[in-house]
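> Next come a sequence and a model predicted from it.
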Amino acid sequence: MALEKEERIVIPDENGEEHLFEVLFTFDVDKTDQSYIAVVPAEQKDNEEVEVFAFRYEEKEDDEENLSLYQIESDEEWEMVEEMLNTLTDEDLT
């Protein structure tokens, strides 16, 4: 499944409550063969500061509609995701 910019996904929290998020972007890292996704809560006010959430993800082979999300735990992964977010944000502003 190719994720598109205006796509929305539902992510359950640790209590099982489901939350709707808008996908900001996805990207693949060829060197590590990993895929990443950045999302923001869909229910936010325009003047509110936006909290961005990022995950490493894998598409389930048997079902293209389902993704397995994994928390990013290493500093190297966080730095890479932050750099990509900053790059894409700068491109959107120009």
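It's in.
> Verify the stated contact: Ile72 with Arg56.
Yes: because the distance of 5.8 Å satisfies CB atoms under 8 Å, Ile72 is recorded as touching Arg56. All C-beta spots, glycine's among them, are computed from the backbone N, C-alpha and C.
> okay, those two: which has more neighbours?
Neighbour tally, Ile72 and Arg56, criterion other CB atoms under 10 Å: the higher count belongs to Arg56, 19 against 16.
> quick revisit: any shared contact partners between Ile72 and Arg56?
Here Ile72 and Arg56 have Tyr36 as joint contacts, going by CB atoms under 8 Å, 6 or more residues apart in numbering.
> Glu43 versus the nearest residue to Ala42 once chain neighbours are set aside, what's the distance?
Using CB to CB, 6 or more residues apart in numbering and skipping the chain neighbours, the partner closest in space to Ala42 is Leu20 (4.2 Å). According to CB to CB, to the nearest Å, Leu20 stands 7 Å off from Glu43.
> got it, and Glu18?
Going from Glu18 to Glu43 by CB to CB gives 12 Å.
> do Asp90 as well
26 Å.
> swap in Phe21?
Phe21 is 9 Å from Glu43, by CB to CB.
> So these two - more neighbours on which side?
For the pair Phe21 and Glu43, the greater number of neighbours falls to Phe21 (19 against 10), based on other CB under 10 Å.
> tell me which element the more buried one falls in.
Using DSSP states H and E, Phe21 maps to strand 18-29.
> pull the CA atoms of that strand into CSV?
Taking Å, rounded to 0.1, in the frame of the first residue of the first chain, the C-alpha atoms of strand 18-29 are listed here in CSV:
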residue,chain,number,x,y,z
GLU,A,18,-8.3,4.5,19.1
HIS,A,19,-7.1,7.9,17.8
LEU,A,20,-7.3,9.3,14.3
PHE,A,21,-4.1,10.7,12.8
GLU,A,22,-3.3,12.4,9.5
VAL,A,23,-0.2,11.1,7.7
LEU,A,24,2.3,13.8,7.1
PHE,A,25,4.8,11.7,5.2
THR,A,26,6.4,8.3,4.8
PHE,A,27,9.9,7.5,3.7
ASP,A,28,12.1,4.5,3.2
VAL,A,29,15.8,4.2,4.1
